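Undergrad: 3D model of this:
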Amino acid sequence: MKWGLFGGTFDPIHIGHLRCAEEVLEIFDLNRIIFIPASRPPHKIEADITSFYHREQMIMSAIEGNPIFSFSDVENRRENKSYSVETVDYILKKYMENLELYFVLGQDAFHAIHTWKDWQRLLLLCNFVVMTRPGYVDRGLGSILPGDFAARFTFDDGVKGFRGPTDHVIYFRGVTFLDISSSDIRRRVKEGKSIKYLVPDPVRYYIHKNSLYKES
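TA: Model (predicted):
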């Protein structure tokens, strides 16, 4: 089994997230993409994030009908902040047998991964898929990670990725980045503007029904 883990705040989930997930699924021939919303992201102020319940409901409505997309509330079940290394640890321990794991994230997040908890161990736990934008120039891991750690990875021409000492690979792959952002969607809702075609219709209905992102 080959699973992709797609984390983020998803506040709200939008068409861009879904399209990127679909392309990663296809590129790596994955059996499943699991959307994992962060409950208490360490890099964000918790008060500025919509409740986990609402974000969960929006994700569930967005992926309904797609049996290959699924949802996990694993990070909400922990009392402390949401750390990716703990999520990967949990999934590997629970489903280790015959499971090949791919951690999916954008290039901006990967460039800041050295600020994540136990980031070195995280990069050795599973494969990583770094989604890149058009025009991205791959200058190697040494331009992103500390040199001594980057040196532990060697570019593998066979898979077009950087293979590490645990045999997991860091891939850089271009995907169709739609110019959509969750922050822009929130701004549009607050200003009373349309978000049609930016989010799936069920998400749009949910936002309006629950008066999300409006001024209190």
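
Undergrad: ranges for the strands of this structure?
TA: 2-8, 32-37, 69-71, 100-106, 127-132, 154-156, 161-163, 169-174 (DSSP state E).

Undergrad: quick check: beta-bridge partners of residue 100?
TA: Beta-bridge partners for residue 100, by DSSP bridges, are residue 2.

Undergrad: for it, what are its contacts?
TA: Residues near residue 100 by Cβ atoms under 8 Å, 6 or more residues apart in numbering: 1-3, 127. Where C-beta positions appear, they are placed from N, C-alpha and C, glycine not excepted.

Undergrad: for residue 214, which of the strands of the chain is the nearest?
TA: Ranking the strands of the chain by proximity to residue 214 (Cβ to Cβ) places strand 32-37 first, at 20.9 Å.

Undergrad: list of residues touching the closest one?
TA: In contact with strand 32-37 (Cβ under 8 Å, 6+ apart) are residues 1-10, 13, 17, 21, 24-25, 52, 55-56, 59, 63, 68-76, 87, 104.

Undergrad: of those residues, buried ones?
TA: Neighbour-count burial (16 or more other Cβ atoms under 10 Å) is assigned, among the contacts of strand 32-37, to 3-10, 13, 17, 21, 24-25, 52, 55-56, 59, 63, 69, 71-72, 74-76, 87, 104.

Undergrad: where exactly do the helices run in the protein?
TA: 15-27, 52-63, 84-95, 107-111, 119-125, 147-150, 182-190, 201-209 (DSSP state H).

Undergrad: and the fourth one, how far out from the chain middle?
TA: Between the mean C-alpha point of helix 107-111 and the mean C-alpha point of its chain there is a distance of 11 Å (Cα atoms, centre = their mean, to the nearest Å).

Undergrad: how about residues contacting stretch 191-205?
TA: 12-15, 18, 58, 61-62, 64, 180, 184-185, 188-189, 207.

Undergrad: measure it end to end?
TA: Start and end residues of stretch 191-205 are separated by 17 Å (Cα to Cα, to the nearest Å).

Undergrad: what residues of it count as buried?
TA: Those would be 195, 198-200, 202-204, for stretch 191-205 by 16+ other Cβ under 10 Å.

Undergrad: again, but for stretch 25-40
TA: In stretch 25-40, counting by 16+ other Cβ under 10 Å, buried: 25, 27-28, 30, 33-40.
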